[in-house]
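Q: one predicted model, sequence on top.
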Amino acid sequence: MNTLTHIVLGAVVGEAAAGKKVGNKTLVYGAIAGSLPDFDIFVARFFDPVDALFVHRGFSHSIFLLVILAPLIAYGAKRLSRNPTLTLKDWIALVSLPWLSHIVVDIFNTYGTAILEPFSHARVSFDSVPIVDIFILTVLVAAMIVILLSRRGSMLRRATARASLLLIMAYIGISAVIKTNVDNGIRKKLM
């Protein structure tokens, strides 16, 4: 996915994770957490262009790194924010869920991710959704506008976040099923 989609997805996931307790700040926290895996682009600049393709969406997109770093980042965020309404568990959800959404969404585009690093260097890719998907971006931007215009803790806000995420999951799931059926149909015709 493109950067803007990851930012908006992270914001909406952040709202679903802890918006009731904090309000609009969760959109910012979620947007930052949802962008964390793509900080590998700064490291990729030190590699030649071919190797840089494997650095980006590599170790930074692994479940292993998420499990190791998310609790540490959450602990640091809790200490820095001094927000008594968010527990460490809330912070872990607020960091790990947007980060996880980033990793999962990237699995469905052409490049995929090295989700199993460092245990396997294989890239996992369904290649069923384009990197810039207007439908996903439109749904998420619309959801974010509704969330921003709604009062903190309102049912509309939570329902919008959850409904938009369910719609995106259904869309991506259907795209994967269609892609699998098309691939299987082509294989059968070629045999």
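A: Noted; the coordinates are in hand. Residues are numbered from 1 along each chain as shown.
Q: and the helices in this protein?
A: Counting by DSSP state H, one finds helices in the chain at the ranges 3-22, 25-35, 40-44, 49-55, 63-81, 88-107, 134-149, 155-190.
Q: out of those, which comes closest to Glu117?
A: Among the helices of the chain, helix 63-81 comes nearest to Glu117, with 6.4 Å by C-beta to C-beta. Quick note: C-beta positions are derived from backbone N, CA and C, even for glycine.
Q: list of residues touching the lowest-mean-pLDDT helix or strand in the chain?
A: Every helix and strand of the chain was ranked by mean pLDDT, DSSP states H and E. The lowest is helix 49-55, at a mean of 78. Identification of contacts with helix 49-55 by C-beta atoms under 8 Å, 6 or more residues apart in numbering yields Asp40, Val43, Ala44, Arg45, Phe47, Tyr111, Ala114.
Q: top of these by neighbour count?
A: Each of the contacts of helix 49-55 was scored for neighbours by other C-beta atoms under 10 Å, and Ala114 scores highest at 23 neighbours.
Q: look up phi and psi at it.
A: The phi and psi values for Ala114, taken as degrees, to the nearest 10, are phi -90, psi 60.
Q: and the nearest residue to Arg157 once chain neighbours are set aside, what does it touch?
A: Among residues not flanking Arg157 along the chain, Ser150 sits closest, at 4.0 Å (C-beta to C-beta, 6 or more residues apart in numbering). Contact analysis of Ser150 by C-beta under 8 Å, 6+ apart lists Leu156, Arg157, Thr160.
Q: from the residues you listed, list just the buried residues.
A: Arg157, Thr160 (16 or more other C-beta atoms under 10 Å).
Q: now, which of the contacts of Ser150 sits nearest Trp91?
A: Arg157 (19.9 Å).
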